[in-house]
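**Q** The following block contains a protein sequence and its predicted model.
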Amino acid sequence: MCCTNLRPIHTLKPLNMASPTRRDVLKIAVATATTAATSKSHADFAPIRSLPVIARRTTTNVSDYKQRAMADYAANMRPFGGSLAQHGRQLLAQPPRQNAPWDFDVLIIGSGYGGAICAARLAMVRKPHVRIGLIERGKEWIPGTFADTLRQITRESRYTLLGPQKNTINNPVGLINAMQNDEVNVLSGNGLGGTSLINANVSIRPDRECFAQSQWPLALRDRSALDHYYNRAAWELGATIEQVDASPKMLSQRLAAQNLAACGARYETAALNVTRGVDGDGEILNRQGIRQRACIDCGDCTSGCNVGAKNTLAMNYLPLARRFGAEMYTHTEVVRIEKLSGCYRVHFKNHQLDRDGETVACAGSITTRIVIVGAGSIGSNEILLRSQGCGMELSDRVGQQWTMNGDAVGFVRKSKYLTNIAGFSAYEHAGAPVGPTIQSNLTYPTRPDLYQRVLIQDGSVTRAYANILGLLMRDMDFDQTLVMLGMGHDGQAGRVVLGSDGLGSVKWPGLMDSPYRSLIRSEFAKVARAHGGEYKYLKIFGDNFITVHPLGGCAMADDPQQGVVDDRGRVFNTHAPTKIDPVSGRDIPAVHRGFYVADGSIIPTSIGCNPLLTISALAERIADGIVDDPAHADLFCG
């Protein structure tokens, strides 16, 4: 069977040490440790011996890194009055505008990649009288204050995770939005900056064949239509390629990929939205003039960066939007959108604390001429499903064509290569670097069938989850364990539906027995064998898939029979008649004027890779379309 036998490890290629840098020294230490790991027997599982490590992970402390991150953020926010956003309670008593019949000219719902980018680009070209607002369900997070223990991070779960109240809202503004469904659980971020606060920062473009599928609008069936926007977003987000063998897990994955070369595996270092520098002490001004710090390779990207090195949206697009006059409001959750004559009314609930410290919801509404929904794949579907009808006639495809982007999680146990994946958060660390959560891509680009291609990335374990996962994996030090993060093409047959409580859930009958499930587990097993270890998967929340890249439900298409929005993010109006294009003679479906969706929910298929850069490129293109629309000429300086 292909690639079941491991090739011996030969001498590693020496580094150029004419003028050794800190990273060169780290590479030599990593290489030496890896060579030693291949010749020793596997360490026994000894939790008693690991008690000091276990105890250390249960406590949180102030550190120089955290203090610098908090001080930097305070300095960054000084020009904005101390923060990017204000509490949404301010929306409950909006004074009438003197120069317009609506509260906002543009209102953006959500602050993830779609919402933040639209806010920045539209604010940069708005005319002086134009009012642009952005509302976010979560709160504004300050680097240096993210949770780094299990107890802390559990408190930040939006949903109740266990017990009879499972799947009910526990903390409406909690950072971790973990939804449990029958076949696939969904994890996303909830705060100013959306999932960028807790993602792995990977900027990557899908295979060109992905866009050639019939589900995509004609205008986008060649990926080159987005290349300009990909480049623009990658520059703004500060995407840079990781150096080769910068951490033990990178080296271990590269060596495993060599063992899979006969199967067509290709290894490459990943492009990450992370600030790099010579060391972690000096402040760095990014391209938007925001102070950040160099990454210390702590491995805690997915619980929130306490160093200030991660290029979240709070470090780039959101400050741009704020600098050019966009207003931002947190703690505000949109319930539904109502279409009025010439504008829209957005109904929301504002989350506040009462005198007893309990969260209460205060209902309110605001009007806007243009509304852009960017609440994420689940959130945007919920809003559109709750808004359906009563003048807001939408495609029957709302909620359909949902995909988990082929996300799957697996583990390599007892690797013959040193992995060192235990995150240590923003504290001093004397050992080898863990590295950002993901640093490399293992792909199979020569497979002719797109649906047989997979992407498998190396992963670390954040400090907050290290103890519980260490016990489950029987490796408290995580030096012989590797997290495998897989993506692929799952057939996008999921559906978002509303429950009696008005919350969405995902239904996907047959997913558990699907060919894709067999494929990704088989690929994980091959990678584990290439590491000289064994494949392991965990049933923490049942036997479900877990996705951190939910896509679809408001899919782009050329007509409302195939999707919910057009290639420019404009929402189809199924109540109005179509028009004939005088040039092409084709039908032009009617749209709700001034009503857009711009986030991962509009992507019509799985894309088999981390989607943040594709969402960003699409949002850049949608923003350009809004500015160029003659109907909005009085709002923007085109």
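**A** Here it is on my side, so go on.

**Q** For Ala85, which non-adjacent residue is closest in space?
**A** Leaving aside its chain neighbours, Ala85 sits nearest to Met328 (3.7 Å; criterion: C-beta to C-beta, 6 or more residues apart in numbering). C-betas here are computed from N, CA, C, even on glycine.

**Q** I'd like to know how far the one you found sits from Phe348.
**A** 14 Å (C-beta to C-beta, to the nearest Å).

**Q** Now stretch 232-247: buried residues?
**A** Within stretch 232-247, the residues that count as buried by 16 or more other C-beta atoms under 10 Å are 232-234, 236-240, 242, 244-247.

**Q** For Glu428, which residues are in contact?
**A** Counting by C-beta atoms under 8 Å, 6 or more residues apart in numbering, Glu428 makes contact with 63-64.

**Q** re the thing from before, between the buried residues of stretch 232-247, which is nearest Asp599?
**A** Ala233 (13.7 Å; C-beta to C-beta).

**Q** And the helix or strand that contains that closest one, how far out from the chain middle?
**A** For Ala233, the host element (DSSP states H and E) is helix 224-237. Relative to the centre of its chain, helix 224-237 is centred 17 Å away, using C-alpha atoms, centre = their mean, to the nearest Å.

**Q** The helix or strand following it pairs with which strands, and in what direction?
**A** Using DSSP H and E, the helix or strand that follows helix 224-237 in sequence is strand 240-241. Here strand 240-241 has these sheet partners by DSSP bridges: strand 271-272 (antiparallel).

**Q** tell me how far the strand it pairs with is from the chain's mean position?
**A** For strand 271-272, the distance to the chain centre is 13 Å (C-alpha atoms, centre = their mean).

**Q** Please apply the same query to stretch 256-265.
**A** 28 Å.

**Q** could you measure the closest residue to Met392 other than its chain neighbours against Val571, distance?
**A** Once flanking residues are discounted, Met392 sits nearest to Lys339: 4.8 Å by C-beta to C-beta, 6+ apart. With distances taken as C-beta to C-beta, Lys339 is found 10 Å from Val571.

**Q** can you give me the strands in the stretch 101-250 of the chain?
**A** Listed in chain order, the strands of the stretch 101-250 of the chain (DSSP state E, counting those that start in this stretch) span residues 104-109, 132-135, 176-179, 184-189, 240-241.

**Q** Ser303: which of the ones you listed is closest?
**A** Closest approach to Ser303 among these (C-beta to C-beta): strand 176-179, 8.5 Å.

**Q** Can you report phi and psi for the nearest residue to Arg586 once chain neighbours are set aside?
**A** Closest residue to Arg586 apart from its sequence neighbours, by C-beta to C-beta, 6+ apart: Ile580 at 7.5 Å. The phi/psi pair for Ile580 (degrees, to the nearest 10) reads phi -100, psi 130.

**Q** How about the contacts made by Ile580?
**A** Counted by C-beta under 8 Å, 6+ apart, Ile580 has contacts 586-588.

**Q** Of those, which is the nearest to Gln352?
**A** Using C-beta to C-beta, the contacts of Ile580 come closest to Gln352 at Ile588, 44.9 Å.

**Q** Burial check on that closest one, number of neighbours?
**A** 14 (other C-beta atoms under 10 Å).

**Q** Report how many residues lie close to the nearest residue to it once chain neighbours are set aside.
**A** Of all residues beyond its chain neighbours, the one nearest Ile588 is Lys579 (4.6 Å), with distances taken as C-beta to C-beta, 6+ apart. Residues near Lys579, counting by other C-beta under 10 Å, number 11.

**Q** where does the chain have low pLDDT?
**A** For the chain, applying pLDDT under 70 flags the ranges 1-49, 278-281, 541, 638.

**Q** give me that answer again for 50
**A** 1, 4-42, 280 (pLDDT under 50).

**Q** Okay, now the sheet partners of the longest strand along the chain, with direction.
**A** In the chain, taking DSSP state E as the definition, the longest strand is strand 359-373. Strand 359-373 has the following sheet partners, assigned by DSSP bridges: strand 104-109 (parallel), strand 344-353 (antiparallel), strand 591-597 (parallel).

**Q** Comparing these, which comes out most buried?
**A** strand 104-109 (a mean of 28; mean count of other C-beta atoms under 10 Å).
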